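In: Give me the fold of what follows.
(chains A, B, C and D)
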There are 4 protein chains.
Amino acid sequence: MTQPSASQPSERSFASDNQATVHPEVLAALSEVNTGHQPAYGDDTVTGRLREVVRRHFGEQAEVFPMFNGTGANVVSLQAMSERWSAVVCPESAHINTDECGAAEKIAGLKLIPVPAADGKLTPGLVDRYATGFGNIQRREPAVVSITQSTELGTVYTPDETAAVAAAAHERGLSVHMDGARIANAAASLGLPLRALTTDAGVDVLSFGGTKNGLLLGEAVVVLNPAAVRGLEYLRKSSMQLASKMRYVSAQLLALLDGDLWLRNASHANAMARRLEAAARAVPGVEITQPVQANSVFALMRKDAAERLRKRFPFYTWDAATGEVRWVCSFDTTEGDVDAFAAALAEETAA
Amino acid sequence: MTQPSASQPSERSFASDNQATVHPEVLAALSEVNTGHQPAYGDDTVTGRLREVVRRHFGEQAEVFPMFNGTGANVVSLQAMSERWSAVVCPESAHINTDECGAAEKIAGLKLIPVPAADGKLTPGLVDRYATGFGNIQRREPAVVSITQSTELGTVYTPDETAAVAAAAHERGLSVHMDGARIANAAASLGLPLRALTTDAGVDVLSFGGTKNGLLLGEAVVVLNPAAVRGLEYLRKSSMQLASKMRYVSAQLLALLDGDLWLRNASHANAMARRLEAAARAVPGVEITQPVQANSVFALMRKDAAERLRKRFPFYTWDAATGEVRWVCSFDTTEGDVDAFAAALAEETAA
Amino acid sequence: MTQPSASQPSERSFASDNQATVHPEVLAALSEVNTGHQPAYGDDTVTGRLREVVRRHFGEQAEVFPMFNGTGANVVSLQAMSERWSAVVCPESAHINTDECGAAEKIAGLKLIPVPAADGKLTPGLVDRYATGFGNIQRREPAVVSITQSTELGTVYTPDETAAVAAAAHERGLSVHMDGARIANAAASLGLPLRALTTDAGVDVLSFGGTKNGLLLGEAVVVLNPAAVRGLEYLRKSSMQLASKMRYVSAQLLALLDGDLWLRNASHANAMARRLEAAARAVPGVEITQPVQANSVFALMRKDAAERLRKRFPFYTWDAATGEVRWVCSFDTTEGDVDAFAAALAEETAA
Amino acid sequence: MTQPSASQPSERSFASDNQATVHPEVLAALSEVNTGHQPAYGDDTVTGRLREVVRRHFGEQAEVFPMFNGTGANVVSLQAMSERWSAVVCPESAHINTDECGAAEKIAGLKLIPVPAADGKLTPGLVDRYATGFGNIQRREPAVVSITQSTELGTVYTPDETAAVAAAAHERGLSVHMDGARIANAAASLGLPLRALTTDAGVDVLSFGGTKNGLLLGEAVVVLNPAAVRGLEYLRKSSMQLASKMRYVSAQLLALLDGDLWLRNASHANAMARRLEAAARAVPGVEITQPVQANSVFALMRKDAAERLRKRFPFYTWDAATGEVRWVCSFDTTEGDVDAFAAALAEETAA
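Out: Okay, the predicted model is just below:
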């Protein structure tokens, strides 16, 4: 992706859901827990409550480990699921492969096996083709399949699709990691509880995303299958992802998960993306390139028009070669934002 | 350190300043910046303002890089200051050596050269003795001297002491890192501006601490000598310390540094430590073991009395062999807290 | 590659040139230097002579660092040419990507950017397309282009082709590494001195291969452009590639390079590969799939015939999907070996 | 250690046993196996025979993995015995701590816990004192105790001493690594079979040294307790210690272990050290500082005399502060060498 050109802070951005604000209920939750001394590093009562709420969503076996950011959640997960000589099979478009500055290689010494997948989704066939070389010491031993839900391309795995990938992985002795930076958007899209997309579909470890869904900062590793991990607490600390005043991360995650804020935020962002998709499809010269199943819209448009539009609303070019662009909606994107953007799109495309 | 025994959240703790609350002005600052979309990863206006404020404190050349936690600030600093074959000279008691689960070794492959120092402070003589082996490829090349201000033992380097260590380091071609997780406490103790303890004393890179001084979570690498670092932005990202919604970390640091909150908080914590020291010195059988120059008090007392006291107020045993204990005061420790603790100390010691 | 099935030691193998013997002149060289005490770690007279001989081949600026094996030479080179946040652009088929068990990721934390290239060769266009993302801290910064000469597919870069890749790399600020595990075969194939393929073509650092060309074990990093590397001696030691009794590695490399043994061995292996190619082309049902420019022959043949043939002579299946096989000739492969293999190939293909 | 000053290759050196020659029987063994093609990477018949011979020495459960050098053997061992969050307890003087350029930290991300021990030997009491912090995620989890036999200070553990350390380690859940770069010298000194010092004393994994005992280059990891390791073959390859033409490493180790060459070489070196010790004790002003139990002699002498002596025979100053020197004898040190050195010592000390 090339950077959105607007160097000025923009009022309304379609560049990423990490350019959004913090939901007011999240800020309120911070104030609520801001009383009295509490043990550090997760022994506080807020994190205790989070543990219960996470089990309600993901099952009695689930264990939650708050982290600072998505890269941290992913790389701590992958370490806990692997050995020093492991490889991780993932789509070429996976965030761990393209947007984490090689943290998996640097922090964990892992080798990624990137799989071409036009829609960002692995399949059992792809797992079969790329998870190879077992017992060949010249190669790494494939240990983990990592999939992203919703994907970096705004598509969503159905529970059956996830279960099929998971079955293929488990058959070969690999465990399954889900990068759920936008899992709430996937659940909202499918109209299903979080558990249906994860625990019940055979996912072993989930990076649960909060930052892109209305938090200040806060993600979590949710271990769905405790047998799939080792040493997670040590790895969180030595990977520099352990918050000392953890209650303030946990409180945010609680604000999201205790009620339905996670779902409200994601549903709204998804609805805004569909609204944008509908408007864009009506613009001649704009082609939607991926199914709009979560909160992102991918489109092809003339490069000059894109450059003019970007001066009015920040967004990323996804593929510099083809000129494909990405527009992302957030929990705080309004109908007015979308309509203004769509109008500008029509103007610039017609210009 | 052994863990404080109280598994219950305690109302008032002397275990660590990371068990404290968030200062209300910090929470208020979060609300203030919570409007409109902003570029991620530091291109926002809040981080822009932080840059200016940091230059006001540390000099025009200073560059600030917000981080999630102290381990992150330390290990990103050390990487940016070193090569793959470097060693870091530090006191044996340094946080990077004792309390970061080997992050420097794991993340950066660094080798630490721990130096025995009873008061937690390096000296030119110690640098001379331990920064050796230059040009011997069987050894690592010493590249950085890391000191802590205030130290893990609650002591404070005067500017002259820091300058002498820095001069010794620079003479040998090493650069100087300061772990300033509690630098505000040191500045308050000395009655000097931050710059006098850092830039003006020859420090090259500072880990500036916020979390222990009233933030929710937030630290920063402050580069005082840009020639001493390479690749810091890449290292922050690949070391998983780059906040996407950075304005919310920067806003906290701004709340601390724009006015004098950093100083008010630290001065209060220091005052509470001195109050506790005075009270403890009056208790027969309690011996203060380190000069109380910041917000910590180290003491020797009977182990049985310590165990009873710990049931009433959490604190750490610092040295299991000798029974030395550590009591830490925070910005939100009250005179009442100290007096109640001192009374309990007297009771349990007399029992 | 799948393993050759023959678990018995085979008399004559076409599996790899690392299954060959040691050339008698190399063993003799070991005896010659086996007198008197000598400083360890490269300060011996034998390594001193090697330095001179290497400069004769590669130019006055060239510096040689003996290593144990090819993976070591490659990964020490790449570290010395890069930063902690670098990426390395290489063909998908590169040994560093496929056959070194992820040593580059593990030892150096590097991220490889594998480039699809059917004949194993990079081009300026491919460098242009894959060496991207400069200044984007979410990505690694491309720092090195690594090419293999002769390639893993038995093809050879002309000096002009290498120079064009090097120019493209240098324009973008990348330096050029050449994995020369079989560089002697390339030079023999082109009828050119080693220097023409390396120094004169813009290569910065060479992994010079000895083991596959008649040594017991011994490779070397040859730095052709000293400005392209940092810390090589520390990196060799800390990467566990520093031989204490180095004279015995250097003596082998000297045996190869002081006279023309490097060229005699490689020329013979190449000639055997061409003889095999010619014979194989005459066999109906066998298709040669790559130009035979060095000492390897790649071919397509029926899988059942391949399996039967493998019971008589070990060789690798290169691509399990297509059934493509690889046959490698060594300095000690005889015309009789080739003829016997070709006869068996004809028999099994006809069966 | 400071480098021996003699930059000229010296005829006779007391600097290290890695400055010695290769034993003629070892060179002969290379010639013997130099016939026919053989599978690479350890599937050859020579390595097969080595496996049998190693089991004869160390017990039926023993598994041998040839390596290039001692650092490689140590760091591959430690990785196979540990997790990503482990610490290794070792004497401060351990080679892994002082002379491997931080390979354990770099390659494995391990944290060493160096234990002061004047004679280079750990004891159960030291294990008890330094193997602490279990379950404290701010610290690394101690996983391995590493001891050196014979030690870097030329002392030897009795089997009872080793067994006591091993018992202390095992009680705490740690496994036991022995750096046996000079284990043959220890066995010769004790007059015991290798097994008595290792398998029977509770050692789990041994780095078996060959290079310092007459090989060209060649060490081995010998796994005595297969339950103590994981992934060793992958770790050897990804740590760049896997020889392709392994038969030539295995043949050397076989030459040492199949008959009694290991013992003859070590016994001779030890005898020369004792001869030197006796002569040195007779020189006024020379003080022997460590028991001479293997092939090294440590002594205090006037620094000016040491400098003059060093111009005649290379040796290392062990401790620049005290001026303590180290003299090492090799399998090829002669009585004449010792007598000439002792005479020079007497002369220079008297001067």
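In: For the nearest residue to A:Ala167 once chain neighbours are set aside, give me its contacts.
Out: Excluding its sequence neighbours, the residue lying closest to A:Ala167 (Cβ to Cβ, 6 or more residues apart in numbering or on different chains) is A:Gly202, at 6.4 Å. The way it works is simple: take the backbone N, C-alpha and C, and place the C-beta from them, glycine included. Applying Cβ atoms under 8 Å, 6 or more residues apart in numbering or on different chains to A:Gly202 gives the contacts A:162-163, A:166-167, A:170, A:176.
In: which two from those residues end up farthest apart in space?
Out: A:Thr162 and A:His170 (12.1 Å; Cβ to Cβ).
In: Among those two, which residue is more densely surrounded?
Out: Shown here are A:Thr162 and A:His170; by other Cβ atoms under 10 Å in any protein chain shown, A:Thr162 has more neighbours (25 against 16).
In: Show me what from the stretch 101-250 of chain A comes close to chain B.
Out: A:101-103, A:106-107, A:211-212, A:216-217, A:234, A:237-245, A:248-249 (Cβ under 8 Å from any Cβ of the partner chain).
In: Go through those residues and flag which are in strands.
Out: Using DSSP state E, no member of those sits in strands.
In: Give me the pLDDT for the one residue in the stretch 51-200 of chain A that gets nearest to chain D.
Out: Proximity to chain D, evaluated over the stretch 51-200 of chain A using Cβ to the nearest Cβ, is greatest for A:Trp85 at 3.4 Å. As predicted, A:Trp85 sits at a pLDDT of 98.
In: Apart from its chain neighbours, what residue comes closest to it?
Out: Closest to A:Trp85 by Cβ to Cβ, 6+ apart is D:Tyr234, at 3.4 Å.
In: Show me the strands paired with the strand ranked longest in chain A, marking each as parallel or antiparallel.
Out: Using DSSP E, we find that the single longest strand of chain A is strand A:141-148. Using DSSP bridges, the strands paired with strand A:141-148 are strand A:86-91 (parallel), strand A:175-180 (parallel).
In: Nearest to C:Tyr41, out of those strands?
Out: strand A:86-91 (34.0 Å).
In: Let's have the strands paired with strand A:141-148 in TSV, adding mean neighbour count and distance to C:Met301.
Out: Formatted as TSV, those follow (neighbours: other Cβ atoms under 10 Å in any protein chain shown; distance: least, Cβ to Cβ, whole Å):
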stretch	mean neighbour count	distance to C:Met301
strand A:86-91	26	30
strand A:175-180	28	38
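In: hang on, the earlier thing: so the residue nearest to A:Trp85 touches C:Cys101, yeah?
Out: Yes - between D:Tyr234 and C:Cys101 a contact is recorded at 6.2 Å, counting by Cβ atoms under 8 Å.
In: overlap in contacts of these two?
Out: With Cβ under 8 Å, 6+ apart as the test, D:Tyr234 and C:Cys101 both reach A:85, A:137, A:140.
In: Can you give me the distance of the second one to B:Gln293?
Out: When distances are taken as Cβ to Cβ, to the nearest Å, A:Ile137 and B:Gln293 turn out to be 56 Å apart.
In: What residues does the stretch 201-350 of chain A have near chain D?
Out: Contacts of the stretch 201-350 of chain A with chain D, taken as Cβ under 8 Å from any Cβ, map to A:230-231, A:233-238, A:242.
In: Apart from its neighbours in sequence, what residue is nearest A:Ala164?
Out: With sequence-adjacent residues excluded and distances taken as Cβ to Cβ, 6+ apart, A:Ala164 is closest to A:Pro124, at 5.0 Å.
In: Tell me if I'm right that the one you found and A:Val165 touch.
Out: Yes - between A:Pro124 and A:Val165 there is a contact at 6.1 Å, judged by Cβ under 8 Å.
In: Give me the more crowded residue out of the two.
Out: Each of A:Pro124 and A:Val165 has its neighbours counted (other Cβ under 10 Å); A:Val165 has more, 26 against 16.
In: follow-up on the earlier one: confidence score at the residue nearest to A:Trp85?
Out: D:Tyr234 carries a pLDDT value of 98.
In: Now do the buried residues in stretch A:182-201.
Out: Of the residues in stretch A:182-201, those buried under the neighbour-count criterion (16 or more other Cβ atoms under 10 Å in any protein chain shown) are A:182-190, A:194-195, A:197-201.
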